[in-house]
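Q: Show me how the following folds:
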Amino acid sequence: MYANFVHENYPDTYKMQIVEGENFHTRMRTDATPVILNQAAVRQLGMENPIGQKIIVWDQPSRVIGVVHDYNFLSMHHMIEPLVLVLEKDMIRRISLRISPENLPQTLTIIREHFEAVDPHFHFVPVFVDDAFAAMYRKEERTNKLATAAALLAIIISFMGLYALTSFSIIKRIKEIGIRKTLGASAFSIILLLFRDLRNWIILGNLVAWPVAFYVISRWQENFAYRIQLWDYWYLFVLAGMLAAMVGAMATLLHAIGALKTNPVNSLRTE
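A: Numbers count the residues shown, from 1 in each chain. Below is the predicted model of the structure:
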């Protein structure tokens with residue numbers, strides 16, 4: 001079980017929610033050290049009525065005065081672990097301050113001056129809670145940046161590949177396009193004809209990509225204690241397929257416009 005030695009204002013500073021019993025305060029019984037458990041600790045200890053029960057924390061007799069709502073004090077890679085908050089006034093390792101984000105440099109300067117007034121040799125090192133939690137997810141941030149870069153690179157490569165594929169397809173059908181134009185086919189109907197060839201490749205590509213993406217994301221989620229249901233986000237897979245279709249449509253459209261501007265006489269001329 002995790003133990004955190006705190007002063008009486010600690011729960012209020014972090015705005016913790018007391019769901020049972022009371023918070024720390026200055027007027028308390030001194031027969032045993034007051035402690036507050038989180039809900040996970042209550043469940044693990046099998047306590048039905050935890051308030052007032054005696055427990056031992058680091059060989060020190062303690063009395064449960066309250067239960068705090070479960071909160072994540074570790075990263076999302078872990079489930080919420082059992083925690084006991086122990087009232088300890090003689091032990092100070094860190095001081096937590098809730099400050100306003102406005103005029104932050106001036107606020108830190110004032111705090112530093114107060115610390116140095118107590119101890120001129122004190123080395124003031126401020127650490128922000130949000131930065132501490134962000135440090136827990138640096139690996140995920142790097143993975144996110146790499147995935148974003150890989151996705152952009154994949155889009156560029158796919159556009160180049162589709163551009164080459166449509167170019168090859170249109171060159172093979174340049175005479176057919178010339179004949180259709182001669183017989184009065186509209187530009188829209190010819191473009192739809194070219195899109196039809198590309199459609200099958202896009203559908204096939206998505207049928208291969210969707211299961212692979214689903215598997216990779218599912219395995220990546222195993223690193224976390226809390227996970228989403230991928231089936232609830234099926235529309236993201238559809239959006240990815242639509243993006244692939246848009247890339248293919250742009251590549252086809254660029255070639256189609258060039259082919260439609262070609263004089264049918266030139267395309268039908270035999271060498």
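
Q: and the chain, what are its domains?
A: Residue ranges for the structural domains of the chain, counted by automatic domain parsing, are given in the record as 2-96, 97-136, 138-268.

Q: Could I get the buried residue list for stretch 76-95?
A: Residues of stretch 76-95 classed as buried: 80, 82, 83, 84, 85, 86, 87, 88 (neighbour count, 16 or more other CB atoms under 10 Å). C-betas here are computed from N, CA, C, even on glycine.

Q: what's the answer for stretch 186-196, then?
A: Taking 16+ other CB under 10 Å as the neighbour-count basis, stretch 186-196 is seen to contain the buried residues 190, 191, 194, 195.

Q: quick one, phi/psi of residue 35?
A: In terms of degrees, to the nearest 10, the main-chain angles of residue 35 are phi -130, psi 160.

Q: What does the pLDDT read for the residue lying closest to it once chain neighbours are set aside?
A: Spatial nearest neighbour of residue 35, chain neighbours left out: residue 62 (4.5 Å); criterion: CB to CB, 6 or more residues apart in numbering. For residue 62, the model assigns a pLDDT of 92.

Q: Repeat that for residue 50.
A: Per-residue pLDDT puts residue 50 at 94.

Q: And it, how far from residue 219?
A: Shown here: residue 50 relative to residue 219, a distance of 39 Å by CB to CB, to the nearest Å.

Q: can you check residue 207 too?
A: Here the criterion is CB to CB. By it, residue 207 lies 20 Å from residue 219.

Q: Can you check which strand is longest in this protein?
A: strand 60-68 (DSSP state E).

Q: What is it packed up against?
A: Counting contacts by 3 or more CB pairs under 8 Å, 6 or more residues apart in numbering; DSSP states H and E, the secondary-structure elements packed against strand 60-68 are strand 18-21, strand 33-38, helix 39-45, strand 54-57, strand 83-87.

Q: now do 7 Å
A: In this structure, strand 60-68 makes packing contacts with strand 18-21, strand 33-38, strand 54-57, judged by 3 or more CB pairs under 7 Å, 6 or more residues apart in numbering; DSSP states H and E.

Q: okay if I get those as JSON lines plus mean neighbour count and mean pLDDT?
A: What follows is the helices and strands packed on strand 60-68, written out as JSON lines (neighbours: other CB atoms under 10 Å; pLDDT from 0 to 100):
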{"stretch": "strand 18-21", "mean neighbour count": "16", "mean pLDDT": "93"}
{"stretch": "strand 33-38", "mean neighbour count": "24", "mean pLDDT": "94"}
{"stretch": "strand 54-57", "mean neighbour count": "14", "mean pLDDT": "92"}
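
Q: how about the helices in the stretch 51-200 of the chain?
A: Assigned by DSSP state H, counting those that start in this stretch, the stretch 51-200 of the chain shows helices spanning 104-118, 129-135, 138-172, 174-182, 187-221.

Q: If you count neighbours, what's buried in the fourth one?
A: Meaning helix 174-182. For helix 174-182, the buried set under the neighbour-count rule, 16+ other CB under 10 Å, comprises 174, 177, 178, 180, 181.

Q: With pLDDT and distance to residue 150 as extra columns, can I get these in JSON lines?
A: Shown next, in JSON lines, are these (pLDDT from 0 to 100; distance: CB to CB, whole Å):
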{"residue": "174", "pLDDT": "71", "distance to residue 150": "36"}
{"residue": "177", "pLDDT": "72", "distance to residue 150": "37"}
{"residue": "178", "pLDDT": "72", "distance to residue 150": "41"}
{"residue": "180", "pLDDT": "74", "distance to residue 150": "40"}
{"residue": "181", "pLDDT": "72", "distance to residue 150": "42"}
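
Q: Could you tell me the end-to-end distance of stretch 122-140?
A: The first residue of stretch 122-140 is 35 Å away from its last residue (CA to CA, to the nearest Å).

Q: Pull the distance from that stretch to the chain's centre.
A: Mean-position distance between stretch 122-140 and its chain equals 18 Å (CA atoms, centre = their mean, to the nearest Å).

Q: No more questions from me, cheers.
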